[in-house]
Each structure stands twice: as structure tokens, then as C-alpha cells.
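*Asks:* Dropping a prediction and its sequence here:
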Amino acid sequence: PTQEEFFRGSLSKNPVTLSMLKPRGSEGQADPTVGDLRQHIANDLQMGDSAELLELLIANKILDVDLKLRVVNQTVWREHCIQQSSSSSTTTLSSLLAGGRGGARSFLASGSGLSLMLTSTFERSAGSHGSSLSITADTPIASLPAMMITYRLTGVDGEATED
């Protein structure tokens with residue numbers, strides 16, 4: 001059986017924007033966390049009371065639920081984009097920079113699970129990124145492609161690592 005067969009529902013929106021997430025936890029916390037995204041996904045999949053059964057991955061790395069999504073974007077996702085920019089085909093990178101999904105599976109290279117795109121705004125996911133395909137350490141966060149996040153049942157297909 002595939003991962004999809006275990007999920008009761010489906011995502012209502014993909015890409016998901018940061019504004020769709022409801023930060024919980026400490027008072028005044030403005031930055032959504034991986035846990036907030038996991039809860040959002042679980043609610044869409046009609047398993048809101050079982051969010052802990054989901055794990056989220058970026059670049060084949062399991063994300064801790066307490067990490068802020070902004071920090072994940074600035075570190076894990078940026079590093080992955082830089083590596084893929086120098087070693088991946090320009091077609092795949094170009095597709096992601098344009099907001100397309102055609103190259104998402106090979107760009108992500110995460111094995112099994114279901115993927116979603118996380119953007120800071122809807123307009124960004126529509127693809128107004130400019131023509132540069134090279135991503136470097138100097139590339140502004142706003143110019144990175146939308147984060148591709150894989151969600152799956154915890155412990156299934158255990159090829160990912162937690163750093």
C-alpha cells in the first residue's frame with residue numbers, strides 16, 4: 001500500500017501560505033513552526049487529533065516540530081536549493097522558480113510520501129522570481145523557490161535522517 005491510502009482526506013490548498021497557519025504556543029509568537037504546519041496538514045487530512053503520526057521532511061531531512069518555518073527556509077531549504085542549483089538540471093530549477101510543479105519530485109528527491117509547497121504569499125507561488133536560475137548564499141530568501149515539504153506517516157520509509 002502507498003502512503004496515500006492511509007490518509008482519510010486531502011489538502012484543501014496546495015500551495016500552503018504562511019498566513020494560513022495558526023501559530024500556537026507562547027503568547028505573541030508570530031512565526032509559525034513546523035508543528036503548526038503539521039497540525040494544519042493533519043486537520044486537512046481529517047486526522048487533527050493524530051497530528052503526531054505525521055513527520056515532515058525537507059531535502060530528505062526530518063524536521064523537528066519546534067523549528068520555526070522561517071529558520072528552516074533560511075537554513076535547510078536554502079542549502080538544499082544551493083546544492084541543487086549547482087548540480088541539478090536547469091529545467092528542474094527553472095520549473096520551481098516559476099512556481100511550477102513539473103520538476104518538484106526530482107528536485108525534492110525524498111523517496112515516498114506526499115509533497116506540498118509552502119510559500120510566504122500566494123503571489124510568490126505564482127512565480128515572479130526574475131530570470132536568474134543560480135542560487136547562492138547571497139540569494140535573498142524572498143527569491144528562493146517555495147519550500148517543497150514532504151509529509152508522511154512517522155517511521156514509514158525510514159530513509160530520511162534527523163540532523
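*Replies:* Nice, thanks for sending it over.
*Asks:* What's the local residue count around N60?
*Replies:* For N60, the count of nearby residues is 14 (other C-beta atoms under 10 Å). Heads up, the C-betas are built off the backbone N, CA and C, glycines and all.
*Asks:* actually Q46, not the one I wrote
*Replies:* The burial count for Q46: 12, using other C-beta under 10 Å.
*Asks:* swap in R8?
*Replies:* R8 is flanked by 7 other residues according to other C-beta under 10 Å.
*Asks:* Does it touch L45 like I think?
*Replies:* Yes: under the criterion of C-beta atoms under 8 Å, R8 makes contact with L45 at 6.2 Å.
*Asks:* I'd like the distance between the residue lying closest to D36 once chain neighbours are set aside and V34.
*Replies:* Setting aside the residues directly before and after it, D36 is nearest to L21 in space (C-beta to C-beta, 6 or more residues apart in numbering), at 4.7 Å. L21 sits 10 Å away from V34, going by C-beta to C-beta, to the nearest Å.
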